[in-house]
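Engineer: attaching a predicted model along with its sequence, questions to come.
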Amino acid sequence: MENLVNIFIKSIFIENMIFAYFLGMCSYLAVSKKVSTATGLGIAVIFVLGITLPVDYLLENYVLREGALIWLSPSFATVDLSFLSFIMFIAVIASIVQLVEMIVEKFAPVLYNQLGIFLPLIAVNCAILGGSLFMQQKEFVNIGEASVYGLGSGIGWFLAIAGIAAVREKIQYSNIPAPLRGLGITFIVTGLMGLAFMGFMGIKL
């Protein structure tokens with residue numbers, strides 16, 4: 001249990017997808033003008049990461065990795081399908097994103113219209129694929145660890161986009177120098193938030 005808590009805290013604060021790896025920056029910058037829209041996209045990313053990582057973990061360990069198909073027959077012990085990892089991971093992500101898009105369109109049409117093209121673009125959000133590849137690299141021992149890592153990574157991305165959206169809403173009424181308005185001040189605030197999150201690296205886990 002302690003290990004799961006460590007993975008969860010690290011994935012949110014220490015290994016944050018935005019502030020530690022700069023993954024998913026395109027939608028982070030484009031959809032963070034309003035808190036309501038950013039919150040909707042952040043929840044969608046949590047959902048997608050929370051489902052795709054355990055599914056990709058099962059694919060990795062029971063289909064793709066060398067010897068993973070031994071559960072079918074001992075004759076498959078030498079079969080290595082790891083070269084299909086990228087294709088399979090992207091296929092899973094695209095399927096889950098399509099499901100999320102249909103759910104949002106059905107139950108939150110206003111949010112669906114606000115997110116526009118950025119909702120289906122979650123499928124090519126590098127934070128989602130990055131989570132799957134980090135999961136592969138970290139070699140988690142069970143699906144529980146992969147699920148917690150996916151959930152924590154999604155929450156970390158959600159906190160980042162919701163935080164910058166709240167700041168951007170407030171600074172609309174500030175007297176910002178003309179050359180820095182828009183993305184300029186957003187990059188500066190993102191850098192400051194990244195420095196703040198670096199403070200969590202001192203946590204002993």
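Structural biologist: Perfect, thanks for sending it.
Engineer: output the contacting helices and strands for the lowest-mean-pLDDT helix or strand in the chain.
Structural biologist: Across the helices and strands of the chain, the lowest-confidence element by mean pLDDT, DSSP states H and E is helix 109-115, at a mean of 81. Helices and strands touching helix 109-115, by 3 or more CB pairs under 8 Å, 6 or more residues apart in numbering; DSSP states H and E, are helix 35-59, helix 85-107. For glycine as for every other residue, the C-beta is placed from the backbone atoms N, C-alpha and C.
Engineer: for Phe8, which of the ones you listed is the nearest?
Structural biologist: helix 35-59 (11.8 Å; CB to CB).
Engineer: following element in sequence after the longest helix seen in the chain, please.
Structural biologist: Longest helix of the chain, by residue count under DSSP state H: helix 143-171. Next along the chain after helix 143-171, taking DSSP states H and E as the criterion, comes helix 183-198.
Engineer: give me the number of residues near Ser11?
Structural biologist: Residues near Ser11, counting by other CB atoms under 10 Å, number 25.
Engineer: excluding its backbone neighbours, what's nearest it?
Structural biologist: In space, and not counting its chain neighbours, Ser11 is closest to Gly152: 3.2 Å by CB to CB, 6 or more residues apart in numbering.
Engineer: repeat that for Ser85.
Structural biologist: Among residues not flanking Ser85 along the chain, Leu64 sits closest, at 5.6 Å (CB to CB, 6+ apart).
Engineer: now do that neighbour, the pLDDT please.
Structural biologist: Note on Leu64: pLDDT of 89.
Engineer: residue with max distance from the center of this structure?
Structural biologist: In the chain, the residue that sits farthest from the middle, by CA atoms, centre = their mean, is Ser75; the gap is 37.3 Å.
Engineer: separation between Tyr112 and Glu105?
Structural biologist: 5 Å (CB to CB, to the nearest Å).
Engineer: tell me which of those two has more neighbours.
Structural biologist: Just comparing Tyr112 and Glu105: by other CB under 10 Å the higher neighbour count belongs to Tyr112, 17 against 14.
Engineer: any low-confidence regions in the chain?
Structural biologist: Counting by pLDDT under 70, the chain contains low-confidence ranges at 204-205.
Engineer: swap in 80 and give it another go.
Structural biologist: For the chain, applying pLDDT under 80 flags the ranges 1-2, 111, 114-121, 123-125, 202-205.
Engineer: one step back: among the helices and strands packed on helix 109-115, which comes closest to Gly163?
Structural biologist: Among those, helix 35-59 comes nearest to Gly163, with 8.9 Å by CB to CB.
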